[in-house]
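Trainee: task: produce atomic coordinates for the following.
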Amino acid sequence: LGGGGCTLPRYVAATRPGSRQLVVEADAPLADLVRRSFGTTGFRLRVGDARAELPRLRQGESDLVVADLFESSVMPMHVTTLEWLHELRRLLRPGGTYVVNVADGKPLDFARAQVATLRAAFAHVVLLADPSVLRGRRFANLVLAGSDAPLPVAALTRRAARASGRARLVTGDDLRDFTGGAAPITDVTARSAPRPPADLFRR
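Mentor: Residues are numbered from 1 along each chain as shown. Prediction:
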């Protein structure tokens, strides 16, 4: 959900041939550019708003749903809420996993609320981020994963330790403490996601 230039679908198609992939991208001109310039071998590409498309997608057949949803570098709030997750869960097979890319900076209020929202929707949740981001030193990405089945925490921790960029996996009590009492975001309480610093992409 949120394909952009479809780098991830092409990577999956190359490394896991035979995988069935559907990409939903809201930006029609961008989707057309992808089709013309790169093709869509290994995946299907559909134009539409991610939340509006959910009822049209096959239920209970997805092993993994990935959301990387931004409009002008800001997450649309209608894809950050508990109601959104309840709708999205219906796409997953039993034990399927939802992964979402979140952007935030100090004091990380939005990221904390997103963790709380996933924890309200899934039995198991983990957070992966650069330690400097977790300490609020810079605005950047945090990746969350949620599932009703236990997640491979040990394997993810090892992979994070071996990654070329620094990354820390936050789980269990540490993740609960990270939320700092933040409440889940709902369609009623949703306000606006944080906007990155104006000079972030000029560095």
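
Trainee: pLDDT-wise, which helix or strand of this structure ranks last?
Mentor: helix 153-162 (a mean of 93; mean pLDDT, DSSP states H and E).

Trainee: can you show me the CA trace of it as PDB?
Mentor: Only the C-alpha atoms of helix 153-162 are listed here, as PDB (Å, rounded to 0.1, in the frame of the first residue of the first chain):
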ATOM      1  CA  VAL A 153      12.300 -11.400  17.400                       C
ATOM      2  CA  ALA A 154      15.600 -13.200  17.800                       C
ATOM      3  CA  ALA A 155      16.100 -13.400  14.000                       C
ATOM      4  CA  LEU A 156      15.100  -9.700  13.600                       C
ATOM      5  CA  THR A 157      17.500  -8.700  16.300                       C
ATOM      6  CA  ARG A 158      20.400 -10.500  14.700                       C
ATOM      7  CA  ARG A 159      19.600  -9.000  11.300                       C
ATOM      8  CA  ALA A 160      19.400  -5.500  12.800                       C
ATOM      9  CA  ALA A 161      22.800  -6.000  14.400                       C
ATOM     10  CA  ARG A 162      24.300  -7.000  11.100                       C
END
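
Trainee: what is the burial count for His124?
Mentor: Residues lying near His124 (other Cβ atoms under 10 Å) number 17. No exception for glycine: its C-beta is placed from N, CA and C like everyone else's.

Trainee: now do the domain split for the protein, please.
Mentor: 1-48, 60-190 (automatic domain parsing).

Trainee: what mean pLDDT does the longest strand seen in the chain get?
Mentor: Of all segments of type strand in the chain, defined using DSSP state E, the longest is strand 92-104. Rounded to a whole number, the mean pLDDT of strand 92-104 is 98.

Trainee: quick one: whichever helix or strand comes after that strand to strand 92-104, angle?
Mentor: The element immediately downstream of strand 92-104 (helix or strand, assigned by DSSP states H and E) is helix 109-121. Note on geometry: by axes from the mean of the first three to the mean of the last three Cα atoms, to 10 degrees, helix 109-121 and strand 92-104 are set 170 degrees apart in direction.

Trainee: hang on, isn't Ala140 packed against Asn101?
Mentor: No: applying Cβ atoms under 8 Å as the test, Ala140 and Asn101 come out as separate, 10.6 Å apart.

Trainee: which residues touch the residue nearest in space to the middle of the chain?
Mentor: What sits nearest the mean C-alpha location of the chain, by Cα atoms, centre = their mean, is Val100, with 1.1 Å. Going by Cβ atoms under 8 Å, 6 or more residues apart in numbering, Val100 touches Val66, Ala67, Asp68, Gln114, Leu118, Val143, Leu144, Ala145.

Trainee: what separation do you get for it and Arg44?
Mentor: 21 Å (Cβ to Cβ, to the nearest Å).

Trainee: against Gly42, how distant is the residue located most distally from the centre of the chain?
Mentor: Residue farthest from the centre of the chain, counting by Cα atoms, centre = their mean, is Arg36 at 26.4 Å. Using Cβ to Cβ, Arg36 is found at 17 Å from Gly42.
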